[in-house]
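>>> fold the following.
(chains A, B, C, D, E, F, G, H, I and J)
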Protein chains: 10
Amino acid sequence: MISNRDDVTRMILSAKVAKDIKWRDVAEKVGMSKEWTTAACLGQMTFDKPQAETVGELFGLPDEAVAWLQITPYKGSLPTAIPTDPLIYRWYEIVNVYGTTIKELIHEEFGDGIMSAIDFSMDIQREEDPKGDRVNITLSGKFLPYQSY
Amino acid sequence: MISNRDDVTRMILSAKVAKDIKWRDVAEKVGMSKEWTTAACLGQMTFDKPQAETVGELFGLPDEAVAWLQITPYKGSLPTAIPTDPLIYRWYEIVNVYGTTIKELIHEEFGDGIMSAIDFSMDIQREEDPKGDRVNITLSGKFLPYQSY
Amino acid sequence: MISNRDDVTRMILSAKVAKDIKWRDVAEKVGMSKEWTTAACLGQMTFDKPQAETVGELFGLPDEAVAWLQITPYKGSLPTAIPTDPLIYRWYEIVNVYGTTIKELIHEEFGDGIMSAIDFSMDIQREEDPKGDRVNITLSGKFLPYQSY
Amino acid sequence: MISNRDDVTRMILSAKVAKDIKWRDVAEKVGMSKEWTTAACLGQMTFDKPQAETVGELFGLPDEAVAWLQITPYKGSLPTAIPTDPLIYRWYEIVNVYGTTIKELIHEEFGDGIMSAIDFSMDIQREEDPKGDRVNITLSGKFLPYQSY
Amino acid sequence: MISNRDDVTRMILSAKVAKDIKWRDVAEKVGMSKEWTTAACLGQMTFDKPQAETVGELFGLPDEAVAWLQITPYKGSLPTAIPTDPLIYRWYEIVNVYGTTIKELIHEEFGDGIMSAIDFSMDIQREEDPKGDRVNITLSGKFLPYQSY
Amino acid sequence: MISNRDDVTRMILSAKVAKDIKWRDVAEKVGMSKEWTTAACLGQMTFDKPQAETVGELFGLPDEAVAWLQITPYKGSLPTAIPTDPLIYRWYEIVNVYGTTIKELIHEEFGDGIMSAIDFSMDIQREEDPKGDRVNITLSGKFLPYQSY
Amino acid sequence: MISNRDDVTRMILSAKVAKDIKWRDVAEKVGMSKEWTTAACLGQMTFDKPQAETVGELFGLPDEAVAWLQITPYKGSLPTAIPTDPLIYRWYEIVNVYGTTIKELIHEEFGDGIMSAIDFSMDIQREEDPKGDRVNITLSGKFLPYQSY
Amino acid sequence: MISNRDDVTRMILSAKVAKDIKWRDVAEKVGMSKEWTTAACLGQMTFDKPQAETVGELFGLPDEAVAWLQITPYKGSLPTAIPTDPLIYRWYEIVNVYGTTIKELIHEEFGDGIMSAIDFSMDIQREEDPKGDRVNITLSGKFLPYQSY
Amino acid sequence: MISNRDDVTRMILSAKVAKDIKWRDVAEKVGMSKEWTTAACLGQMTFDKPQAETVGELFGLPDEAVAWLQITPYKGSLPTAIPTDPLIYRWYEIVNVYGTTIKELIHEEFGDGIMSAIDFSMDIQREEDPKGDRVNITLSGKFLPYQSY
Amino acid sequence: MISNRDDVTRMILSAKVAKDIKWRDVAEKVGMSKEWTTAACLGQMTFDKPQAETVGELFGLPDEAVAWLQITPYKGSLPTAIPTDPLIYRWYEIVNVYGTTIKELIHEEFGDGIMSAIDFSMDIQREEDPKGDRVNITLSGKFLPYQSY
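Numbers count the residues shown, from 1 in each chain, chains lettered A, B, ... in the order given. Presented below is the predicted three-dimensional model:
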């Protein structure tokens, strides 16, 4: 019995290692970006029916799991409020160190409002650099002004 | 008596509102990017002597404060572990929703290691869009591979 | 020296009691709804210049405070993550008891996405009822679909 | 062995996906609003016997589960004190940003007391809007004055 | 400048010790029970005008403080979520040890609902006992049934 | 294998629903108050041998479980430090709102010390009331003076 | 204005260093054990009038502070739930490592109940030892059996 | 498969109840104090080979469990940072109320350093007393002076 | 089904005790330091293929587990944010007591930046000492200067 | 009025910046290592009289502050349980990632016990390295075996 999306995520992760599947190959088969596809496989986004079937086939999932992939999940991928994993923590640290800076500069440019995390996309690229390659990540979110009424 | 950098940050914020100063103008005078300069004014980075003097003059700070601006601060700009401010929370949410995705894709591309939050830069841009302007932020961090020994 | 919006909120609350001012009267003078105006006076929204001057006059605030009212504040009005005040706790309880219900029904109707808390308005009304008057609150938020890319 | 209501909720969620059942159809069969029915299926409300039997039939539950549906549950539907799911977090954010506003305005109108979360109902509606459809939610709770004695 | 009820509570506590005032005498002068009066003096209930003036006179409070006594306070009297004071902790312990028992027995008697903490009164009495006097406390709260709709 | 009292509590709760047993009937058979008996069945008190056997028979427990009922349990019945269930939360709220009041009044009457939560009893009664029935709960605890030495 | 016992504790600690006073001398003058006297000076116990006056004279406290020493304090001497100070942490560690052991052995000897922390005394002694002197602390608390009713 | 010491502790507790074994009898067979032996059985200390075999025989443990008893465990016996069980909480309370007192008196006697929780022993005794028997616990820890260098 | 690295860590720990394997022997076979090898076996580092096969053979792991050893794990080895185990807590204590000292001295020597925990190695050695042997641990991390831009 | 060591630490930090004093110069004057001296100046260690007087002179402290420097402080230098400052966090991360490794290897070498954080010293050195200089830190703590009794 599958009673939440986490059960499906575990199946996917287990099959991914056993079958040595790459996220970029999944993304290509699904026809979406590698960022969105990975997030969806990890239980954070909702697949439509053809996408779910593709994913189900790739990872060898049962029909019940394929049905769950089309259900909006309870989001949040981290086991603790402050992440312990060093790679993910660096992002938490950026929010902690630069959070007020980001706030000040967006407000200076746009006024009161937020950068959407829903109407949002992300792109992760490798930049070759002789002093050590860099990870470049671009986040793009619609600015949503606070409504006054 | 100034006994930590927070005292100086409060002076800067108070003067900024009273004198209606813009961060981009501070950055221009300091000769650094608006992102780094704002973070430094908010107590997260260390100014060198000429930069500190420029900042001191702009905000009308006493000499003692100018000396503190050249001292490496205790970093972390948020009052709570999970930020309450909606704009900053959206970033925490991105880390929570996309954290494992970012981890998977960087490891798939680079192997085990992290994206540095120290050898790091950030660029915030407005993208005009008829459906609503977007905030585009590019984060660039050196990839640091885990050392095995 | 005023170094954050909380200082201004404290001035407003102090003057409100001393001068026995009503929020609805403030709202009327400011020309906005009582909900938005109160939130703004409590340090959660940003006034424009004429609004800030009206508020400054009503509460007898110094110029420096009036300037702060036009600065986007660090939002979040509660002293603890789980509110202790019974009236506000009931709202936390509604989120806790009905949170998954709201999620299920919005997703059933709209698909994956959220109800905006930014493009959002609130209306509080008294409904007379012989068994005891009721508080009726209508929340209206734009549905924002998750972007897939 | 079923030893708490959560076990039953998991059965319902699993069957809902497997059988592709809609909450509105459950509500119609049960004869109550979609809001109350969903909350009850998610383990937050108590069904009476005929309601429980209807639900049991719809989701194919064993008799033991049908008995549990008639037992008052230990309420609270969220896995963490601050919800990580973006849709539910927006509600937590509304409480955080507007909590003191709601408190001030209810006290100004009604005096000291609370809006009940027990003698309470909720109605979720879609409002069509050319700029993007809106979620409108009306909460209605009896005002309960603090007793002095 | 008084900007919240805690400032007034501190004034009352300071005056109480300096002038050696008893809560029961305050209650008698105010004309309410000692339980309600003490809670109100400690910043948890709202006085009406004559009561506030009586309290103000007894403790020698300024007019501004007397005005604050008539404002509904932000309630919650404890500095930590789990109280450290042994006397108050014992109550937290009772809730922790007997919480599910109280829940089971009220539901068995009344069905689903709660015992109100608003339409509520409390009475503290000393019971003489040769094996050691006892504290007897009676709590009386209206039963509020959960509304189904 | 039963390795803690919680396993037994789960068995009791499961049997209670399946067999539709009332706590008051258990109490009558055990020969103790309904409050103590329920707390003991919920894993908070220790039964003696005949009581444990009666309980075991009523709920159809295996011998191993009956042995566990006679072992002093690790007490504490709530899954979170601040209870999410509305009925139990109201008690937490009473402690939070009235905690300092209870402390002041007991100290005024008895001096420094506590009201015991061990040499303690509780009685829950329904009081009929035309405006809505009330839950009356009397707590009786021995006063224990702080020893000075 | 002194509004709580912490203010008095701070005065005592400040005077103790300035005047180089020893706790054992305070205890001798007060006529109680060094353990109780120190706890009382640190704001955890209640002095009677002559004791308070002796303490007031020794530390040079104003009358208002002497009055506060006779008021039952809000107890709890640590700034964080888990102490950071190494000496005090070792005690927290003992509770954490040996807590269940103490519980098992007291229950095996006495049955269900607790060791009182109120009818309680403590004695701290130095034991000379060639391998390094030892701190010997004896805790003595009345056993309080759980009442069944 | 046993993968940590907790699995073994659960086996011991289960067997202890089923076979009605007393800790003092275990201690006698193992040839160590009842305090150390109980702590070791509860997963906090490390047995040597003969001790582990004795324990294994007494509780009927498999060889794999006997091997685990000789492995240094991850220590800490409590499920929450602040214990909910009343008997263990009283110890936490003693640390909270008397923590600073213990610190002051040890420093006054020994200078800066700590009382070891490693080179440490504990002795629990019953003291008969006509006013109610007492639990006397003696803790003995080597004083370790802070090294300056 | 193995769905995360923790499952593999549990297998390794179970086999280690059952087969009485030493970490230093594992390290020698793997051809890396004992520090890195142990961390990797405990689920904190990533093995390459030959290393994983060696480990798999030593501990008798299934192929699926050997595949998981080559996947970058979600790092963080402690069950609580503040460790309860005394040996590990001492390290947390060093960070707490000496944290600001380390920060000051590194900044005095190197300027603003950090000591890397990624380009990092650790060496644990026993130093014989007549007063008691010592644990000497050398940590070596690349200094990473904060980038200004 | 100085009522705790933190007040003195703030004075030292303020004077250090104003007078541009280096920790290594303080250490030289005090005649101790830079690590111990800095920790002591930051309120974590206890100075003897001549050391305190030297420090007082260097930083221009009043006599009262010099007296406080000789009092054992309440230790713990960090404002939050999990440090937000990136340099200090890396140490917390090392404890989190390598904590169980350190534990396993010390136990393998020494048996059950801990590495002392009291009979402890630390040495911070710069190692020049063409690929980037390294911070090398050696921690030396006496091994303390767990006592069995």
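>>> in chain A, what residue comes closest to chain F?
In chain A, the residue that lies nearest chain F is residue A:81 (14.5 Å; C-beta to the nearest C-beta). Using the backbone N, CA and C atoms, a C-beta is placed for each residue, glycine as well.
>>> residues contacting that residue?
Counting by C-beta atoms under 8 Å, 6 or more residues apart in numbering or on different chains, residue A:81 touches B:81, B:82, D:80, D:82.
>>> now pLDDT too, for the residues you listed, in JSON lines please.
As requested, the contacts of residue A:81 are exported to JSON lines (pLDDT from 0 to 100):
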{"residue": "B:81", "pLDDT": "96"}
{"residue": "B:82", "pLDDT": "97"}
{"residue": "D:80", "pLDDT": "96"}
{"residue": "D:82", "pLDDT": "97"}
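>>> quick one on the thing from earlier: secondary structure class for the residue of chain A closest to chain F?
Secondary structure, DSSP: H, G, I helix; E, B strand; the rest coil: residue A:81 is coil.
>>> with residue A:21 instead?
Secondary structure, three-state DSSP: residue A:21 is coil.
>>> distance-wise, check it relative to chain H.
28 Å (C-beta to the nearest C-beta, to the nearest Å).
>>> packing partners of the longest strand along chain A?
Ranked by residue count, the top strand of chain A under DSSP state E comes out as strand A:113-127. Contacts defined by 3 or more C-beta pairs under 8 Å, 6 or more residues apart in numbering or on different chains; DSSP states H and E place strand A:113-127 against helix A:34-41, helix A:86-110, strand A:134-145, helix B:86-110, strand B:134-145, strand C:113-127, strand C:134-145.
>>> pairing partners for the third one, with directions?
Strand A:134-145 sits in its sheet next to strand A:113-127 (antiparallel), strand B:134-145 (antiparallel), going by DSSP bridges.
>>> hey, C-alpha coordinates of the first one in PDB?
In PDB, the C-alpha atoms belonging to strand A:113-127 read as follows (Å, rounded to 0.1, in the frame of the first residue of the first chain):
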ATOM      1  CA  GLY A 113       6.700  42.600  -2.900                       C
ATOM      2  CA  ILE A 114       8.400  39.300  -3.300                       C
ATOM      3  CA  MET A 115      10.200  37.200  -5.900                       C
ATOM      4  CA  SER A 116       7.900  34.200  -6.600                       C
ATOM      5  CA  ALA A 117       9.000  30.700  -5.800                       C
ATOM      6  CA  ILE A 118       6.000  29.400  -7.800                       C
ATOM      7  CA  ASP A 119       6.200  31.200 -11.100                       C
ATOM      8  CA  PHE A 120       9.800  30.300 -10.900                       C
ATOM      9  CA  SER A 121      12.500  28.500 -12.800                       C
ATOM     10  CA  MET A 122      16.100  27.500 -12.100                       C
ATOM     11  CA  ASP A 123      19.000  26.700 -14.400                       C
ATOM     12  CA  ILE A 124      22.200  25.000 -13.200                       C
ATOM     13  CA  GLN A 125      25.300  25.200 -15.500                       C
ATOM     14  CA  ARG A 126      29.000  24.300 -15.200                       C
ATOM     15  CA  GLU A 127      31.300  27.200 -16.100                       C
END
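>>> which residue does chain A have closest to chain I?
At 2.7 Å from chain I, residue A:84 is the closest residue in chain A, using C-beta to the nearest C-beta.
>>> residues in contact with that residue?
Residues near residue A:84 by C-beta under 8 Å, 6+ apart: I:74, I:75, I:76, I:78, J:93, J:96.
>>> same list (those) but as TSV, adding pLDDT.
As requested, these are arranged in TSV below (pLDDT from 0 to 100):
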residue	pLDDT
I:74	97
I:75	97
I:76	96
I:78	95
J:93	97
J:96	97
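>>> quick check: domain ranges of chain A?
Using automatic domain parsing, the domain parsing of chain A gives A:5-68, A:86-145.
>>> residue I:12: which of those is closest?
Evaluated over these, closeness to residue I:12 peaks at domain A:5-68, with 16.3 Å, by C-beta to C-beta.
>>> gap between the closest one and the chain center?
Averaging C-alpha positions (C-alpha atoms, centre = their mean, to the nearest Å) puts domain A:5-68 13 Å from its chain's average.
>>> kind regards, and thank you for your time.
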